[in-house]
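Undergrad: build me a model:
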Amino acid sequence: MFIATDNVTAYAAVPSASILGAPSGAVVQMNLRTGSVTATIPVVGAHYIVGSPDGTHILVFSDNSDNITVIATSLIGYYDPRTVVTGTAQYHFDRPVWAIFRNNSSAYVFNCGPQCGGVAAGITTFTVGNSAPGPTTPVSAATYGLLDGSNLYVAGTPPNTACPAGSGAPTCGTLNILNANSLAVTNAQPIVITDGYHDRMQMGANGQLFIGSKGCYSVNVIGGEVRGCLSIFNTSTSQVVFPPVAGDATGIQPVTGQNPEVVFVCVGGVFQIYDTNTDQILFQENGQQTDIVGQSYDVKIVDPPPN
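TA: All right, here's what the predicted structure looks like:
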């Protein structure tokens with residue numbers, strides 16, 4: 001789900017939404033001020049949604065589909081706001097699951113490929129208003145990413161990808177770096193990260209890219225290797241750190257303006273604070289971690305209201 005630029009309207013993809021006389025799945029429009037559902041737009045198997053920066057369009061990605069649905073928000077409640085975009089003989093999508101808008105109309109679409117039952121993973125260019133996708137750059141895997149200046153970071157888990165020697169994990173994921181202008185892959189080989197379904201990525205201070213996934217193969221050997229679904233990639237040195245915490249990485253939030261610069265993370269139900277200078281957990285003066293009672297799932301910074 002996401003909240004629109006008016007801070008009142010929200011949209012959520014609901015794969016199990018019941019639609020009379022049609023398969024389940026819809027995008028729901030909500031009014032946060034009144035707590036009401038203001039529209040239900042049927043989209044079979046709708047699972048992920050991405051809004052354009054200006055709020056005029058929503059890209060909808062459905063499970064087990066090679067199409068995307070574009071919703072024009074200005075038409076909701078007046079006309080059918082949906083446009084289904086399919087491939088052509090030359091350009092096509094392959095199990096698309098995510099997108100990053102470069103501006104109000106053009107986006108990079110993430111094709112999950114084999115990880116989601118498709119054929120080939122890649123990043124496809126798409127412009128809202130076009131009836132077909134543009135060219136695709138092949139990558140090893142693609143479920144989530146981050147656009148940082150001229151770099152597009154793309155993470156995913158190619159099936160049956162082995163980990164480097166010395167790790168107890170049988171499979172690993174990959175990170176690729178693309179030039180955002182040419183979409184050329186700039187790393188010679190895919191960068192090895194933890195596996196799973198990647199759906200979290202944030203850039204911390206000092207060029208530390210925090211990458212999270214769920215459903216990874218966690219290793220928790222007493223006195224030995226411990227790793228979960230969190231990877232930290234140093235964009236300056238190209239080194240990867242696997243923090244010694246098992247479990248899904250479900251929340252990542254950089255915090256600026258502090259010394260040291262830190263990133264809040266939820267891994268395996270535990271809230272942790274990482275120092276971006278050392279990639280280590282930041283302990284309190286008494287040598288203890290910051291403790292939150294219960295299982296922590298996500299963490300967000302709430303901006304103060306404007307004066």
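Undergrad: quick one: contacts for Ile193?
TA: Counting by CB atoms under 8 Å, 6 or more residues apart in numbering, Ile193 touches 155, 172-175, 211, 231, 233, 240. Backbone N, C-alpha and C define where each C-beta goes, glycine included.
Undergrad: return the distance of the nearest residue to Pro164 once chain neighbours are set aside relative to Thr136.
TA: Excluding the flanking residues, the one nearest Pro164 by CB to CB, 6 or more residues apart in numbering is Val192, at 6.1 Å. Taking CB to CB, to the nearest Å as the measure, Val192 falls 23 Å from Thr136.
Undergrad: thinking again about what came up before, quick one: which of the contacts of Ile193 has the most company?
TA: Ala155 (33 neighbours; other CB atoms under 10 Å).
Undergrad: that one against Val139, yeah?
TA: No: using CB atoms under 8 Å, Ala155 is not in contact with Val139, being 9.6 Å away.
Undergrad: which other residues reach the helix or strand bottoming out on mean pLDDT in the chain?
TA: Across the helices and strands of the chain, the lowest-confidence element by mean pLDDT, DSSP states H and E is strand 280-281, at a mean of 84. Contacts made with strand 280-281 from outside it, assessed by CB under 8 Å, 6+ apart, are listed as 243, 272-275, 289.
Undergrad: let's see it at 10 Å
TA: When contacts are defined by CB atoms under 10 Å, 6 or more residues apart in numbering, strand 280-281 is touched by residues 241, 243-245, 262, 265, 272-275, 289-290.
Undergrad: sheet partners, orientation included, of it?
TA: Sheet pairing here is set by DSSP bridges, and for strand 280-281 it gives strand 270-275 (antiparallel).
Undergrad: just the mean pLDDT for the strand it pairs with, thanks.
TA: With pLDDT averaged residue by residue, strand 270-275 scores 91.
Undergrad: export it as PDB, just CAs?
TA: Output of strand 270-275 as PDB, limited to C-alpha atoms (Å, rounded to 0.1, in the frame of the first residue of the first chain):
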ATOM      1  CA  VAL A 270      14.100  -7.900  16.900                       C
ATOM      2  CA  PHE A 271      14.700  -4.100  16.700                       C
ATOM      3  CA  GLN A 272      18.300  -3.200  16.200                       C
ATOM      4  CA  ILE A 273      20.300   0.000  15.600                       C
ATOM      5  CA  TYR A 274      23.300  -0.300  13.200                       C
ATOM      6  CA  ASP A 275      26.200   2.100  13.100                       C
END
